[in-house]
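Chemist: A structural model of the following input is requested.
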Amino acid sequence: MSLQKWVEYGWLRTHKTSKKEISDLLRVVDRDFNDAVGDISADWRFAIAYNAALKFCTILLHVEGYRPEKNLQHCRTIQVLPLVLGENMNKMPSISTPVATRET
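Modeler: Next comes the predicted model:
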């Protein structure tokens, strides 16, 4: 399936991003990763890290010229990642890949 099909299905819409928008989103990602460490509960740490990952996926989608429609935004943003990354998705480490393997 293509990103254009997602537009046709009403899951995405076209979006013209800017350097400022991307820069602002990257600042949120940095802030969240910094905030996710320290003396906080595991639940809160997960929520902050999830937000950072979601913003990073949003950046990738915006750079491609799209944004999710309002319905199921978080879900669509993450679900579309394989289409955005294309063949690069196969180069990404899996959660099930041992850490030692991922770091080499």
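
Chemist: how about stretch 8-20: buried residues?
Modeler: Within stretch 8-20, the residues that count as buried by 16 or more other C-beta atoms under 10 Å are Trp11, Leu12, Thr17. All C-beta spots, glycine's among them, are computed from the backbone N, C-alpha and C.

Chemist: And that stretch, end to end?
Modeler: Using C-alpha to C-alpha, to the nearest Å, the end-to-end distance of stretch 8-20 comes to 28 Å.

Chemist: what sits up against it?
Modeler: When contacts are defined by C-beta atoms under 8 Å, 6 or more residues apart in numbering, stretch 8-20 is touched by residues 3, 6-7, 61-63, 65-69, 72, 76, 80.

Chemist: From the buried residues of stretch 8-20, pick the one nearest Asp43.
Modeler: For the buried residues of stretch 8-20, the residue nearest Asp43 by C-beta to C-beta is Trp11; the value is 29.5 Å.
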